[in-house]
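[1] sequence and predicted structure, then a few things I'm wondering about:
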Amino acid sequence: MIMPLTVDAADSTTPMLAAGDSHSLALRGDGTVWAWGRNRSGELGDGTTTDHNTPEQVFGLSDVVAISAGSVHSLALKSDGTVWAWGANFYGQLGDGSNITRSVPVEVFGLSDVVAISAGSVHSLALKNDGTIWAWGRNEFGQLGDGTTTDHNTPEQVFGLSDVVAISAGGFHSLALRGDGTVWAWGWNGFGLLDDVGNIVISSVSVEVFGLSDVVAISAGDTHSLALRGDGTVWVCGWGLVGDGDTTYYSTSGQVFGLSDVVVISAGVWHSLALKRDGTVWGWGNNIGGLLGNYSSTIDYSSPGQLFGLSDVVAISTGRGHSLVLKSDGMVWVWGDNGIGVLGGGSTSDSNVPVQVLGLILLAPTPASTPTPTPTPTATPTPTPTPTPTLTSTPTPTSTSTPTTTPTPTPPPASTLTPAPMQETPTIPPTNTPPATASGEKWNNTMLMVLLALVVVLGVGLTVMIFLRTKGKSVDSSKNRLV
């Protein structure tokens, strides 16, 4: 499931990733969404149900600011605060008022002013600008938080929660982070997923997670939950290899062993990832199919280990059998189970080390800023009757900011998918004509004098010719009279 991320709809688009069960989503900086992997329920959103092992653009979506991938459905948040969904809809998880599977995006009914989204296994969450949460889809374990266990194919408000700043939908439970740093949970409580709520198997209303404070990020997996505190430590509750060095499940929060300076967390179905401030990625949990990206497909990790060959990472996302990372150069890397091309490398071979997704770049290169030239004053010649034009400096292209200061990315390997080229601001040449120089004026005066001299010579010559012609006629007339 995608790590929870609150996005202000007024902000510029931040590229991000979302890993589902067997499909992947990527949001580019231009607001378009790209998808690859399994497509049997239309979860790739390209209008077909054909699997793709390289990225294809999701049909008809633009101005998207956030994405989230569920088991077999997908969500997108647009800059106008509306939510769009596509894929499987057996439990109403698309929220369009029907249970019809969709292979192209449809708008979620009745939602506006949304600032964050999260797709669970078969349910969906949306956070509105007023701090309330809305939920739809399967509700067998109370994961919609409305006090019932009835499925809903349109959004219903989660009961009793306000001042929420982040959300995360897991397998059959949900999490919310409030502005005071406390975490609240509802849904299935198997293996203590909801933390210390006694012997309650399910809770259809939210309960506070015991012993957690100063939390800044949350992530709900399938059978475990993660919380990131303000001091950079990671805490976990639930079942499986939760990162504490053993295999015991926890019904109360415990600290993940040996992790500090963490800035992003992501809980998958059987494994977890953490991104540290230095751009390295650390993973723990089940390693089937090479989930942990450490050159092995058999050795599980009960405490975090660093993933080989990854640096300068800025975003992470965990799915069921694969994981995604975005590096600062805009390139996407993936590893794990690849039975139907979910790794996006053009093949169906598993990989226990990160491989690059073909033909996909999310961050546009930043053009170098050109310093604005200082105009040099030009002396205006005195004899010039025409006003001297003003020298206009050449406009300087404005560099586009990215979430992190990044080097210029190298082009991705050739593939059938060609990323849209970055539109650079053209440099417009000055339209003014430089003022004439003193030597130019002298040349003009000389030419003028030559022309005047030629006119005088021609005039004198013409006068002489007329005079001689007139005189000749007079002589002829005199001769005729004498005769």
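    Here it is on my side, so go on.
[2] can you name the residues that contact Ala220?
    Going by C-beta atoms under 8 Å, 6 or more residues apart in numbering, Ala220 touches 1, 118, 120, 168-171, 173-175, 226, 267. For every residue, glycine as well, the C-beta is placed using N, CA and C.
[3] the residue nearest to Leu275 when sequence neighbours are not counted: neighbouring residues, count only.
    Using C-beta to C-beta, 6 or more residues apart in numbering and skipping the chain neighbours, the partner closest in space to Leu275 is Val264 (4.0 Å). For Val264, the count of nearby residues is 20 (other C-beta atoms under 10 Å).
[4] pLDDT on whatever helix or strand Val264 lives in, on average?
    According to DSSP states H and E, Val264 maps onto strand 262-267. The predicted model gives strand 262-267 an average pLDDT of 97.
[5] ok so, going back, list the contacts of the residue nearest to Leu275.
    Applying C-beta under 8 Å, 6+ apart, the residues near Val264 are 3, 217, 228, 274-275, 315-316.
[6] just those residues: which has the poorest pLDDT?
    Where pLDDT dips furthest among those: Met3, at 38.
[7] quick check: Arg142 vs Gly221, distance?
    Let me fix one detail, which is that residue 142 is Gly and not Arg. Taking C-beta to C-beta, to the nearest Å as the criterion, Gly142 is separated from Gly221 by 18 Å.
[8] cool, Phe159 as well?
    The value you get for Phe159 to Gly221, if C-beta to C-beta is used, is 24 Å.
[9] could you do Trp235 as well?
    With distances taken as C-beta to C-beta, Trp235 is found 13 Å from Gly221.
[10] wait, isn't Val164 in contact with Leu175?
    No. Val164 is beyond contact range of Leu175, at 10.1 Å (criterion: C-beta atoms under 8 Å).
[11] tell me which of these two has more neighbours.
    Leu175 (29 against 22).
[12] for the more buried one, list each beta-bridge partner.
    Counting by DSSP bridges, Leu175 is bridged to Ser168, Ala185.
[13] can you list the domains in this protein?
    16-361, 441-476 (automatic domain parsing).
[14] start to end distance for the longest one?
    Across its full length, domain 16-361 reaches 11 Å end to end, with C-alpha to C-alpha, to the nearest Å as the criterion.
[15] what count of nearby residues applies to Asp329?
    17.
[16] just Ser311 next, same as before
    When neighbours are counted by other C-beta under 10 Å, Ser311 registers 11.
[17] packing partners for the lengthiest strand in the chain?
    Longest strand in the chain, counting residues (DSSP state E): strand 351-361. Packed against strand 351-361, as judged by 3 or more C-beta pairs under 8 Å, 6 or more residues apart in numbering; DSSP states H and E, are the following elements: strand 52-57, strand 331-336.
[18] those strands into a markdown table, with extra columns for mean pLDDT?
    What follows is the helices and strands packed on strand 351-361, written out as a markdown table (pLDDT from 0 to 100):
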| stretch | mean pLDDT |
| --- | --- |
| strand 52-57 | 92 |
| strand 331-336 | 89 |
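[19] of Phe159 and Gly221, which one has the most company?
    Using other C-beta under 10 Å, the more surrounded residue of Phe159 and Gly221 is Gly221, with 27 against 16.
[20] dump the residue contacts of the closest residue in space to the more buried one that isn't next to it in sequence.
    Once flanking residues are discounted, Gly221 sits nearest to Ala267: 3.2 Å by C-beta to C-beta, 6+ apart. Counting by C-beta under 8 Å, 6+ apart, Ala267 touches 1, 168, 170, 219-221, 224-226, 318.
[21] please tell me how far Ala267 sits from Trp184.
    16 Å.
[22] and if you look at Ala176?
    In terms of C-beta to C-beta, Ala176 sits 5 Å off from Trp184.
[23] ok, now Val108?
    Relative to Trp184, Val108 is positioned 23 Å away (C-beta to C-beta).
[24] one more: Asn129?
    Taking C-beta to C-beta, one finds Asn129 at 19 Å from Trp184.
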